[in-house]
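# Give me coordinates for this.
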Amino acid sequence: MFTALIADDEPLARVRMRSLLEAYSGEVEILGEASSGAQMIAKIHELDPDVVFLDIQMPDMDAFEVLKTLNEDDIPLIVFTTAYDNFALRAYEENTVDYLLKPIDPERLASTMVKLRKRMPYESGQGVPADFSWDKFRELMSSSSLYMQRLQVKLPDRILLVNMDEVIRFQSEEKYTTAYTTTAQYVIDQTLVELEKRLDPRQFVRVHRAHLVAIDYIAEIRKTEAGRLCVVLRDKNRTQVTVSRNFVKTVKSL
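Numbers count the residues shown, from 1 in each chain. Okay, the predicted model is just below:
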C-alpha cells in the first residue's frame, strides 16, 4: 500500500483521476486533493504522500515552481498528468516515475502503476536524481513545441489525426466537445479548459464559455441587433458565434 495526492486545478480532472485509481484501491490510498500550487505544498507537508499525480499547469504557479520550494528530502515520487506530449517529458520519464497524457487512458495508467510498484517502498530523496535540473526541464517544457499540432479523434475502429489548421472552432455542449473542421465535425473527450491550455493562443481564442474559435477563420466582428458582439466565421455556413462580455476585450484586440 502506498499513499497518493492528486493535484490538478480542474475539478473534473481530479474526479477522473480518483475514479481511475479506484481500480487500484487495494494498493493506493488517496490522502487528498489539491487545486493549486500553494495548496499542493501545504498538503505535501501535512500528508507526506508517497506519490503525487501532478498537473504541470497550475493556476498560481507551475509544477516546477512548486517542486523547487520543497526540500529535496520532501519531494515525493511524481507522476505528471498533462496535455502536452513533449520530448522533455520522455526524458523525464527515464529519470523518475512517469507522465500521463490527458485524457488519461486506463491502460497507460496500468503501465504507470507497474513502475510505481518497482519504486516502493519509497524512501525520502528517491524522487529526483541528484543530477536532474528542474530549471532545465522547465525550460524545455516551455518551448513552443508544447502547443497542440494535431487533434486525435477516437473512432470505434481507428484514430483520426486532424491537423489543427483544419479546425475552425470547438463548441462545448454539456459533457461533450465538438470540433468543427473545414469538412466535418467530431465529438472529442477533451474539455474546453483542457483544449485552451493546449492550443497556441496565436491560433485560437476563447470568445464564450462554450466556444473556442480559430483566429484565421474569423471573417468579421460585428454587432447583433441586440447590441451584442459576435464573430462571423469563414466556413460555408458563415457561422456566427456570440462573444460573451468576459471576452469582448480579447476579441476587440485581435
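# which secondary element of this protein has the worst mean pLDDT?
One helix or strand of the chain scores below all others by mean pLDDT, DSSP states H and E: helix 87-95, with a mean of 50.
# Tell me the first helix or strand C-terminal of it.
Downstream of helix 87-95, the next assigned helix or strand under DSSP states H and E is strand 98-101.
# And the next helix or strand past that next one?
helix 106-119.
# Where does the prediction get shaky in the stretch 51-200 of the chain?
Judged by pLDDT under 70, the stretch 51-200 of the chain has its weakly predicted residues at 84-97, 121-146.
# would you list every one of the helices in it?
All helices of the stretch 51-200 of the chain, identified by DSSP state H, counting those that start in this stretch, fall at 63-68, 87-95, 106-119, 134-141, 192-198.
# domains of this structure?
2-146, 150-252 (automatic domain parsing).
# gap between the two ends of the last one?
In other words, domain 150-252. By Cα to Cα, to the nearest Å, the extent of domain 150-252 from end to end equals 28 Å.
# and Glu196, what does it touch?
Neighbouring residues of Glu196 by Cβ atoms under 8 Å, 6 or more residues apart in numbering: Phe204, Arg206, Leu212. Backbone N, C-alpha and C define where each C-beta goes, glycine included.
# same deal with Asp48?
With Cβ under 8 Å, 6+ apart, Asp48 has these contacts: Thr3, Pro76.
# try Arg150
Leu161, Val162, Asn163, Met164.
# Which residues does it form beta bridges with?
Asn163 (DSSP bridges).
# gap between it and Thr239?
Per Cβ to Cβ, to the nearest Å, Arg150 is found 23 Å from Thr239.
# which one is Ala63 nearest to, not counting chain neighbours?
Ile56 (4.5 Å; Cβ to Cβ, 6 or more residues apart in numbering).
# Go ahead and confirm the one you found touches Leu67.
No: Ile56 lies out of contact with Leu67 (Cβ atoms under 8 Å); the separation is 10.5 Å.
# Please report the distance of the most centrally placed residue in the chain from Pro106.
In the chain, the C-alpha nearest the mean C-alpha coordinate belongs to Ala83, at 3.8 Å (Cα atoms, centre = their mean). To Pro106, Ala83 is 17 Å away according to Cβ to Cβ.
# Grab the nearest non-local neighbour of Met113.
Tyr24 (5.9 Å).
# and that neighbour, how many neighbours?
Using other Cβ atoms under 10 Å, Tyr24 has 17 neighbouring residues.
# Model confidence for it, exactly?
Per-residue pLDDT puts Tyr24 at 96.
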